[in-house]
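J.: mind folding the following:
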Amino acid sequence: MRTAIIIKIQTFALFAVAWMCAISAGAQERPTPARFTAPFVVRDGIIRDAAGREVRLWGVNYYAPFAHNFLNIAEVGADYRQAIAEDVAQFRLMGVDFVRIHVYDREITDAEGHLTPNRHLEVFDMLLEELDRAGIFVMLTPMTWWNTPENQALMDRHYAFWHVGVGGSFGFSNFFSKDEMTWNEDAIRCQERYIAELLAHRSSISGRRYGDFANLVAVEPLNEPNYVDRGLLTQAAGPNELAAGNSRAERSGPAACERLRKLWEDYRGAHPGEEAQVFGQFRGELAQRYIKRMFAAIDGAMGHRYLHAQSDRSLNDTYIRDAVTALGIEVLTTGCYPLGANQFDSSWNDHLNFFDLIGKWNKNVAGQKPADCPRIIYEFDAPSTLEGYPYGAMALAFAARRAQMAAMFTYTPSAVAAYNPGWRIHYLNLLHTPARAVAFAAAGEMFRRAPVGADLPTDAQRWEGPGWTIQREPDAVTFVGDGLLVHSGKLPDSKTPATAPATILASGSSRFVSAEGNGVYRLKRADNGGWELTVFPNERLVNDPFRGRSFRSMANRYINVNEWPVVSRLIEGPRRFAFHLGGKGNLVCTWRGQGDPVPTAADGSFLLTPGTYEIADRSSKP
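T.: Numbering: from 1, shown residues only. Presented below is the predicted three-dimensional model:
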């Protein structure tokens, strides 16, 4: 039995090397020039780049340096640098040109807000450098506030609330509720200190300050801020609700509420009038003071122009909206999880019609009365489903609501994607969710071209327009245009262009390519008139990737990958391909950089293992 296990591991290791070579080959290419040039500015309500072009960016949230993903990558023994390089190479192949990161401040600060250089920051250096090299733009949210598995372990192991500094960073956010972040003077000073030190931190790789990375184009101070409300004046969180892992710790405890009441009483005494109106003014002024001080700290540390972004939370409140407007905020950040009550944490959501749900989200956002700003969709997903069509619908809805940058939450690093650990209600990875990843890539191409403010289609099963199709059953998203064909699932001839485009990215067959299995492949026309083919492995789902209903909110808890089975397995065998690319079809296929051709079957097809190949038409040679 031991021998069999060893042989199995060795076989998988060889297989892993093969498909990692395919990724590495893509990573070695000269980076594609970015579509846009930083810095970005807002003119006439539109985000434009340095050349005046209207910006459209499509991407993901990504967290290899922090929280669940950081621990899970270590648990499987993967190298962080290689893991990040592999994922960024996948981003480029999928057309991703935008990554949003909310930094887990509890993992890199002390109780006073000072930066505590550690392995998290070293890995963050790797990520920022790799994204910059790849020409991918970044939006940074310095404060997340939320607890992390590592932080919780410190509390459990060392009673860290009473013994601070016993082995690792234990950040200032542990000592403040989420609403305190926006009004408590001590919390605000910690954040100012932390922001200045974070953006002044120098990469251990290049020596550049974070604030000097030219691809850092937008900064939002705090992830999903909570502002004060009247309930805090009368009802504090109880002593048993204050553990940092508890979502109720978002609200202030008794001591903090008493401090807030004193602030309110002083303000009320100086401002006569109807109490509800005066409290609204009080709330708005606290929010305005907080946002102003955060951007002053960011401005002081950034080395170049950037977009000032602020959450649209509570903007239906007149006083909050007026506070944001008065500060000249350039961009609003908006989330999109288009689900009904109690559906966010369900095991499977395939039964939901996301066309309807996204239509409702669109109407809701259209009905808001925000400041006249463009939007960044800082997080979006259709949780607990592997279907890809919701991404296509979201792409159109985002453009309709003046969003110009959008980041799915969250891309699962390939090093641990077989387990889908961490935020397990979200699952996107080129290797382990192949059809969904291609649908996501097609949606990005639609987003970049969709008209602003257009009405959404109303059909419940299929949305269609010039060059694109979004279909619920069977799940499929297709984009055709500008020399590009991206399709998830089998592509009907009626939706196929007459001649092969310059690039095909697909999971499934078409008139041009017959592909065995569900794995992704990319076919790209080479400068010499031939083709370059990148083949990825097929995938098989072997367990529930969402791991069942937890019957508690936010079922995205940490799991140790050494204690759980895989949910997705990459298939180790070769895949059969046939190509119909015009000409006489007398094709020869060779490994990239090698001379020996792959054997050709009698029907002209090829049996290909994951890797990168060159395809040429022998009949075209003299």
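
J.: verify the stated contact: Gln191 with Trp145.
T.: No. Between Gln191 and Trp145 there is no contact under C-beta atoms under 8 Å: 10.0 Å. Every residue, glycine included, has its C-beta placed from N, CA and C.

J.: list the residues that contact both of the two?
T.: Jointly contacting Gln191 and Trp145 under the rule C-beta atoms under 8 Å, 6 or more residues apart in numbering are 181, 222.

J.: contacting residues for Phe124?
T.: Per C-beta under 8 Å, 6+ apart, neighbours of Phe124: 65-66, 103.

J.: again, but for Asp617
T.: With C-beta under 8 Å, 6+ apart, Asp617 has these contacts: 530, 581, 583-588.

J.: now the buried members of those.
T.: 530, 581, 587-588 (16 or more other C-beta atoms under 10 Å).

J.: and those, which two are furthest apart?
T.: Leu581 and Val588 (12.6 Å; C-beta to C-beta).

J.: anything in contact with each of these two?
T.: Joint contacts of Leu581 and Val588 (C-beta under 8 Å, 6+ apart) are 615, 617.

J.: any low-confidence regions in the protein?
T.: 1-33, 156-168, 236-249, 340-346, 369-371, 549-557, 619-622 (pLDDT under 70).

J.: how about the helix or strand where Ala85 lies: buried residues?
T.: Following DSSP states H and E, the helix or strand that holds Ala85 is helix 80-94. Residues of helix 80-94 classed as buried: 80-81, 83-94 (neighbour count, 16+ other C-beta under 10 Å).

J.: parallel or antiparallel, which strands does the next helix or strand after it pair with?
T.: Counting by DSSP H and E, the next helix or strand C-terminal to helix 80-94 is strand 98-102. Strand pairing for strand 98-102, using DSSP bridges, gives strand 57-61 (parallel), strand 137-141 (parallel).

J.: now do the first one: everything it contacts.
T.: When you say that, I think you mean strand 57-61. By C-beta under 8 Å, 6+ apart, strand 57-61 touches 36, 91, 95-102, 136-137, 379, 395, 404-411, 428, 443-444, 447-448.

J.: quick check: Val278 is in a helix.
T.: Yes. Assessed with DSSP: H, G, I helix; E, B strand; the rest coil, Val278 lies in a helix.

J.: count of neighbours near it?
T.: 16 (other C-beta atoms under 10 Å).

J.: then the one 5 residues further on?
T.: The burial metric for Arg283, expressed as a neighbour count using other C-beta under 10 Å, is 22.

J.: any idea how far Cys589 is from it?
T.: 66 Å (C-beta to C-beta, to the nearest Å).

J.: show me the strands in the stretch 301-450 of the chain, by range?
T.: For the stretch 301-450 of the chain, applying DSSP state E, counting those that start in this stretch gives strands covering 307-311, 331-336, 375-380, 403-408.

J.: which residues touch the shortest one?
T.: Think strand 307-311. 40-42, 47, 139, 217-225, 291, 295, 298, 324, 327-333, 376, 378.

J.: partners of it in the sheet?
T.: Short version: by DSSP bridges, strand 307-311 pairs with strand 216-219 (parallel), strand 331-336 (parallel).

J.: can you say which of those strands is packed in most?
T.: The highest mean neighbour count among the strands paired with strand 307-311, using mean count of other C-beta atoms under 10 Å, belongs to strand 216-219: a mean of 25.

J.: need the CA coordinates for that one. PDB is fine.
T.: Taking C-alpha atoms only, strand 216-219 is exported to PDB below (Å, rounded to 0.1, in the frame of the first residue of the first chain):
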ATOM      1  CA  LEU A 216      -1.800  51.500  -7.900                       C
ATOM      2  CA  VAL A 217      -4.600  53.600  -9.400                       C
ATOM      3  CA  ALA A 218      -7.300  53.700  -6.700                       C
ATOM      4  CA  VAL A 219      -7.400  53.700  -2.900                       C
END
